[in-house]
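Novice: Sequence and predicted structure below; questions after.
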Amino acid sequence: MARYHVVGKRISPVPPRLNEKWGRAEERSTWLRDNNNSTIGLPNASDSGEPKNAIGQCPVTDVLLWGHVKVRSLLDTGSMVSIVTRDFFENYVQPRGWELKKDISLKLTAANGLSLPYDGYFISDVTIFGTSVKDRVFLVLKEELKRPSEPCIIGMNILQEISPWSEILNTDSSTSSLPQRTQPPPV
């Protein structure tokens with residue numbers, strides 16, 4: 001299992017539209033590095049003006065496609081699929097000769113219940129946190145993401161192969177190991 005250590009803190013400018021919403025011009029984030037020299041950025045929720053433990057942030061890290069195309073990615077354990085923006089596909093995938101495939105039909109629904117339209121998909125090997133996973137599907141969105149700084153979302157179709165998620169998902173989560181109550185509790 002990867003062990004992380006803090007490698008620094010960074011203050012980044014906040015885009016103007018978010019500056020108006022959040023009322024601040026910069027965002028503080030903590031950067032961690034694991035023993036495979038992979039870095040991950042975690043925005044400090046307490047710096048956003050929200051209660052410190054009320055809202056968590058998704059981790060962001062660099063991922064390699066085909067072993068050499070680096071893409072800033074949001075790690076999303078709530079997503080069953082991995083996606084990239086249309087812009088990323090057109091600028092970094094298509095020029096390398098990869099065509100958009102359209103021979104699968106999935107109905108994607110976002111967390112808010114709205115349909116998430118996509119144009120097609122491509123398949124790539126992925127390296128994340130020093131672990132390589134072969135032949136993973138990336139859906140290409142028709143619309144842009146609300147977080148343009150991360151043109152890729154890595155979902156569970158990849159994360160389930162990566163530690164620590166693979167270790168968590170491969171454990172028996174049934175309730176059979178929990179103590180069973182045979183009598184009602186005393187009143």
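Specialist: Now that the structure is in, tell me what you want to look at.
Novice: gap between the two ends of stretch 118-136?
Specialist: 16 Å (C-alpha to C-alpha, to the nearest Å).
Novice: Now do the buried residues in that stretch.
Specialist: With burial defined by 16 or more other C-beta atoms under 10 Å, the residues of stretch 118-136 counted as buried are 118, 121-122, 124, 126-129, 133, 136. All C-beta atoms are positioned from the backbone trio N, CA, C, and that covers glycine.
Novice: Make TSV from those and add secondary structure, distance to Asp103 and pLDDT to it.
Specialist: Listed next are these as TSV, based on DSSP: H, G, I helix; E, B strand; the rest coil; distance: C-beta to C-beta, whole Å; pLDDT from 0 to 100:
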residue	secondary structure	distance to Asp103	pLDDT
Tyr118	strand	13	94
Tyr121	strand	9	96
Phe122	strand	12	96
Ser124	strand	17	95
Val126	strand	21	96
Thr127	strand	26	95
Ile128	strand	26	91
Phe129	coil	31	88
Val133	strand	22	94
Arg136	strand	16	96
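Novice: Pretty sure Thr61 sits against Leu75.
Specialist: Yes: assessed by C-beta atoms under 8 Å, Thr61 is found in contact with Leu75 at 6.5 Å.
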